[in-house]
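K.L.:
Okay, sequence plus prediction incoming.
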Amino acid sequence: MRRLGPRFPREEVAAALERLKREGYVDDSAFAAWWLEQRAAFKPMGARRLWQELHRHGVSPAVISEVLASRTAQAELSAALAVARRKMSSLGRDENRLASFLSRRGFTPPVIEDVLRALKESEGDFY
């Protein structure tokens, strides 16, 4: 296995990270909260996908759970409805395709069912 750089003593690495945390340069909670805000504004998605993305960025499961707990069920449903309404123009009125798309975006089956029900009610005979 090839090394990409010099090895530093663990103590020095730990001390450097601790200093960065103290000075506010490394703050997983702030990053995770910012990430949720950005996703809500520009690319809404469900809690499952948000969890995966944050985990991929190295945020600990405890911090992810804490930040996602601040997101209400109503916010999740609103996000899913907004995504579904935008996507309907390209997917048409195919319930299965829309449900699959919402699932890939990280929304749970109960949220997807609520979205489809709400679309049927608001659009009249949606399908």
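P.N.:
The structure has been received and is ready for your questions.
K.L.:
wait, what's in contact with residue 27?
P.N.:
By Cβ atoms under 8 Å, 6 or more residues apart in numbering, the contact list for residue 27 reads residue 21. The C-beta positions use only the backbone N, C-alpha and C, and glycine is treated the same way.
K.L.:
Please report phi then psi for it.
P.N.:
Main-chain dihedrals, residue 27, degrees, to the nearest 10: phi -140, psi 100.
K.L.:
tell me the pLDDT at the residue most central in space within the chain?
P.N.:
Nearest residue to the geometric centre of the chain (Cα atoms, centre = their mean): residue 50, 1.9 Å. The model reports residue 50 with a pLDDT of 96.
K.L.:
and it, what element?
P.N.:
Secondary structure from DSSP states H and E places residue 50 in helix 47-56.
K.L.:
packing partners for that helix?
P.N.:
helix 28-42, helix 61-69 (3 or more Cβ pairs under 8 Å, 6 or more residues apart in numbering; DSSP states H and E).
K.L.:
Following element in sequence after the one helix or strand residue 102 maps to, please.
P.N.:
Residue 102 is part of helix 95-104, with elements assigned from DSSP H and E. Using DSSP H and E, the helix or strand that follows helix 95-104 in sequence is helix 109-122.
K.L.:
give me the low-pLDDT residue ranges for the protein?
P.N.:
1-5, 124-127 (pLDDT under 70).
K.L.:
need the longest helix for it.
P.N.:
Counting residues, the longest helix found in the chain (DSSP state H) is helix 73-91.
K.L.:
Would you mark the buried spots in that helix?
P.N.:
By neighbour count with 16 or more other Cβ atoms under 10 Å, helix 73-91 contains the buried residues 76, 77, 79, 80, 81, 83, 84, 88.
K.L.:
contacting residues around the residue nearest to the centre of the chain?
P.N.:
Residues counted as contacts of residue 50 (Cβ under 8 Å, 6+ apart) are 35, 36, 39, 68, 106.
K.L.:
Can you tell me what sits against the longest helix of the chain?
P.N.:
40, 44-47, 97-98, 101-102, 105, 107, 111-112, 114-116, 118-119.
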